[in-house]
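Enquirer: Starting from these lines, generate the structure:
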Amino acid sequence: MRISTKTLASLLLVTAVMVAAPGIGKKPKRQRHQETQFDRILQHHDRKAELRAELLGISPFVFRAKQKRMTFAEIARQSGFTSERAFRLALLGKLKDELRHRGWTSQRIERYVLARSGRLG
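Expert: Model (predicted):
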């Protein structure tokens, strides 16, 4: 994965907040902005869809092609996730695992999330 460590840490923080408070991730009522802020952040940092595709078990090319035809919730269900929340939990685990591979300890990850989650919540 070619995502920087700082970006992984930021995604971990946003994902942890979304998992802890699921109401934040509700779809907005306005039709112009169908995606949640979390979805927009994830798409911005995962431009090539490598992270999401790896988690869904498909190639980034196939993921981008499916994304043009169906919603993310439908793609996640086809890949075996029961809901978007299940995907977010899996994403949280994947991000923690990737940070551990890059030398972060579990305590450092927890301190990072606790210290910065107050700013987002």
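Enquirer: Now Arg2: closest residue in space that isn't a chain neighbour?
Expert: Glu50 (7.1 Å; C-beta to C-beta, 6 or more residues apart in numbering). For the C-beta atoms, the positions are set from N, CA and C on the backbone; glycine is no exception.
Enquirer: wait, the one you found sits on Ser59?
Expert: No. Contact between Glu50 and Ser59 fails when scored by C-beta atoms under 8 Å: they sit 9.4 Å apart.
Enquirer: mind exporting the helix or strand of the chain with the lowest mean pLDDT as PDB, just the C-alpha atoms?
Expert: When the helices and strands of the chain are scored by mean pLDDT, DSSP states H and E, helix 37-45 comes last with a mean of 84. This file holds the C-alpha atoms of helix 37-45, laid out as PDB (Å, rounded to 0.1, in the frame of the first residue of the first chain):
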ATOM      1  CA  GLN A  37     -18.200  13.600   5.100                       C
ATOM      2  CA  PHE A  38     -16.400  10.300   6.100                       C
ATOM      3  CA  ASP A  39     -17.000   8.900   2.600                       C
ATOM      4  CA  ARG A  40     -15.500  12.000   1.100                       C
ATOM      5  CA  ILE A  41     -12.500  11.900   3.300                       C
ATOM      6  CA  LEU A  42     -11.900   8.300   2.500                       C
ATOM      7  CA  GLN A  43     -12.200   8.900  -1.200                       C
ATOM      8  CA  HIS A  44      -9.800  11.800  -1.000                       C
ATOM      9  CA  HIS A  45      -7.100   9.900   0.800                       C
END
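Enquirer: From Ser106, how far off is Lys96?
Expert: 8 Å (C-beta to C-beta, to the nearest Å).
Enquirer: And these two? Which one has more around it.
Expert: Lys96 (19 against 10; other C-beta atoms under 10 Å).
Enquirer: Please give the centre-to-centre distance between the longest helix along the chain and its chain.
Expert: Identified as the longest helix of the chain according to DSSP state H is helix 84-101. Put simply, helix 84-101 sits 7 Å off its chain's centre (C-alpha atoms, centre = their mean, to the nearest Å).
Enquirer: Great, nothing more from me.
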